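Asker: Have a look at this fold, sequence not included:
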């Protein structure tokens, strides 16, 4: 119909020349259109699997097709349209059939993978959409197909992502919970698509109530070596990880006796999560070959089976206990930011009015660490932190992060309001420390607030106390670096800032910005230039990174490059960039006069200041 985006072509027929048969042929030539449920699937990590074992992977996929996939498609009245090496495209006349096929396929794959090493597993990502398609020569085309393919690309291994139309058509007909991921801009799809992640039986999950903070069970690592003597090594790593995680105050960790009870049993991760009442499960395996050992670990969201993080560690066994300690520390450090990131994303998907105190805190963290750091996101973060303290006045970390928003506003966005904001920051942090003097993050936020207000010795003392309470706390290590830069100890700041980067790879350019300034003040201009470029890419709205880069380029005799950076900074920030070059001393008290002169010297050599 005109007005619906269709274009009609009306053929002109010469009367008596070709007659009605030509009209029939014209109708027959039109492509067939129909409304179907489209299921797109592919193998996660296919290139890695092929690279490791080409023939074996291909043979395993053939067996899966014959033993599982084709049977499930047929059982649910689907039509396999085509395969593409690592993927397949299927159509169903019923969205319920498509969902049943997808969920049963993923459940069967989870069972098959239960005893397989993480890096050897075949896992599918599936996307389902309901839409109008064009059928031609056995193939199907159109937006309905394209959206299903984009949803599949959005899914994680073992996960199913569906469009809003699928949820509407299937709602209430299956034991499936739809987790709203919000509107997503899918590649090459003009309009945003509302996406849902699904899992079987989540409505009745868990059997035990979830704690009011992230909860995790660490399963006994599987010994894949065929060497019974390695059982103690596999169990020892998992046991040590439990001990390490138990020291993280934000985590609820299931005791060894409960999580190790599943050793040797074929129980799915979702069932373990339900039975133990945990949101996350860590599982892994150990494989020894000669004097080498490979330890593989992966973190899974129990309710959905989604893989949040995985890694493998290849080590020599020259010192077994040293290897065990090293791998334990590496896994424990890596898990923390992965869980925190997952908690932020989970809270960001929920309606604000339904958030409890913990979820308000995580929603605040989502806005505080927003990729494009800016004042509106910082103020949104503060509103959620303050809401968390209203719901739970003893929520230590919410008070601490409220302080962090005031420091950021003072340092980055509102220098004219600096004095008032820093006074509020110190007040919030002191309240956090008073509520729990053993909380590392509370001391870290107080250290940063005191340093921003020019109280250097007090700031360093608080930062060191924070690191002593929890050496693996990102905020503590960042505070150790942050407090030392303006106190005239830039070389002492670099190592804790490196540790902060390792502990929070998802963080913004905060630590990079301060590391760049530390290198500069230490006279390490090449390093300052390199780190400042990283900081500028990570957090382009932090003006300090631009200034450090310009000064470092000036010291290196690269004045033309520095002036190009200045032109970009003026375009982005306007004249406010000049404040960060030489702020009035009565406002920016934390900077030593000699450090300010050192910075101006680099800018002068770049020809940016006279």
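Answerer: Done, it's in. As the structure is a computational prediction, the values presented were derived from the model and not from experiment.
Asker: Three-state assignment for residue 81, please.
Answerer: strand (DSSP: H, G, I helix; E, B strand; the rest coil).
Asker: give the contact list for it.
Answerer: 88, 89, 90, 91, 138, 139, 140 (CB atoms under 8 Å, 6 or more residues apart in numbering). (C-beta placed from N, C-alpha, C; glycine too.)
Asker: Residue 125 too?
Answerer: 41, 42, 44, 152, 153, 155, 156, 157, 158, 159.
Asker: Let's see that with 7 Å instead.
Answerer: Contacts for residue 125 (CB atoms under 7 Å, 6 or more residues apart in numbering) come out as 41, 42, 44, 152, 155, 156, 157, 159.
Asker: Okay, and it sits in which element?
Answerer: strand 124-136 (DSSP states H and E).
Asker: Give me the mean pLDDT for that strand.
Answerer: Here strand 124-136 scores 93 as its mean pLDDT.
Asker: Please state the offset of it from the chain centre?
Answerer: Relative to the mean C-alpha coordinate of its chain, strand 124-136 is positioned 27 Å out (CA atoms, centre = their mean, to the nearest Å).
Asker: Make residue 1 into 59 and carry on from there
Answerer: Okay, using 59 as the starting number, the last item reads as strand 182-194.
Asker: buried ones in that strand?
Answerer: 182, 183, 184, 185, 186, 187, 188, 189, 191, 192, 193 (16 or more other CB atoms under 10 Å).
Asker: distance of the first one from residue 217?
Answerer: Residue 182 sits 9 Å away from residue 217, taking CB to CB, to the nearest Å as the criterion.
Asker: and what of the fourth one?
Answerer: Separation of residue 185 from residue 217 (CB to CB) stands at 10 Å.
Asker: Can you pick out the most distant pair from the contacts of residue 139?
Answerer: Pairwise distances among the contacts of residue 139 were taken by CB to CB; the largest, 14.1 Å, belongs to 146 and 196.
Asker: the more surrounded of those two?
Answerer: residue 146 (21 against 8; other CB atoms under 10 Å).
Asker: Doesn't the more buried one lie inside a strand?
Answerer: Yes: the assignment for residue 146 by three-state DSSP puts it in a strand.
Asker: these two touch, right, it and residue 138?
Answerer: Yes: judged on CB atoms under 7 Å, residue 146 makes contact with residue 138 at a distance of 6.4 Å.
Asker: same for the helix or strand just after the strand holding residue 183, what does it pack against?
Answerer: Scanning forward in sequence from strand 182-194 by DSSP H and E, the next helix or strand is strand 197-199. On a contact count with 3 or more CB pairs under 7 Å, 6 or more residues apart in numbering; DSSP states H and E, strand 197-199 meets strand 136-141, strand 182-194.
Asker: avg pLDDT for the first one?
Answerer: For strand 136-141, the per-residue pLDDT values average out at 94.
Asker: and the protein, what are its domains?
Answerer: Taking automatic domain parsing as the criterion, the chain consists of the domains 90-262, 273-402, 408-561, 566-668.
Asker: Need the winner for burial among those.
Answerer: domain 408-561 (a mean of 21; mean count of other CB atoms under 10 Å).
Asker: just how off-centre is that one within its chain?
Answerer: For domain 408-561, the distance to the chain centre is 21 Å (CA atoms, centre = their mean).
Asker: Beta-bridge partners for residue 369, please?
Answerer: With DSSP bridges as the criterion, residue 369 is bridged to residue 355.
Asker: which stretches of this structure form strands?
Answerer: Read by DSSP state E, the chain holds these strands, from start to end of the chain: 90-101, 136-141, 145-150, 182-194, 197-199, 218-221, 234-242, 251-258, 273-276, 280-281, 310-311, 338-347, 350-359, 364-374.
Asker: follow-up on the earlier one: which of the contacts of residue 139 scores worst on pLDDT?
Answerer: Of all of those, residue 196 carries the lowest confidence score, 88.
Asker: Need the nearest residue in space to that residue, chain neighbours excluded.
Answerer: residue 139 (7.2 Å; CB to CB, 6 or more residues apart in numbering).
Asker: do you know how far the one you found is from residue 159?
Answerer: Distance from residue 139 to residue 159, by CB to CB: 14 Å.
Asker: just residue 223 next, same as before
Answerer: Counting by CB to CB - residue 223 and residue 159 are separated by 17 Å.
Asker: and what of residue 587?
Answerer: Residue 587 sits 55 Å away from residue 159, going by CB to CB.
Asker: Provide a list of residues in contact with residue 168.
Answerer: 216, 326, 363.
Asker: In this model residue 353 seems to touch residue 375, though I could be wrong.
Answerer: No: counting by CB under 7 Å, residue 375 does not reach residue 353; the two are 11.1 Å apart.
Asker: Would you quantify the distance from residue 497 to residue 396?
Answerer: Distance, residue 497 to residue 396, by CB to CB: 22 Å.
Asker: ditto for residue 659
Answerer: 43 Å.
Asker: out of the buried residues of strand 182-194, what pair is the most spread apart?
Answerer: 182 and 192 (25.9 Å).
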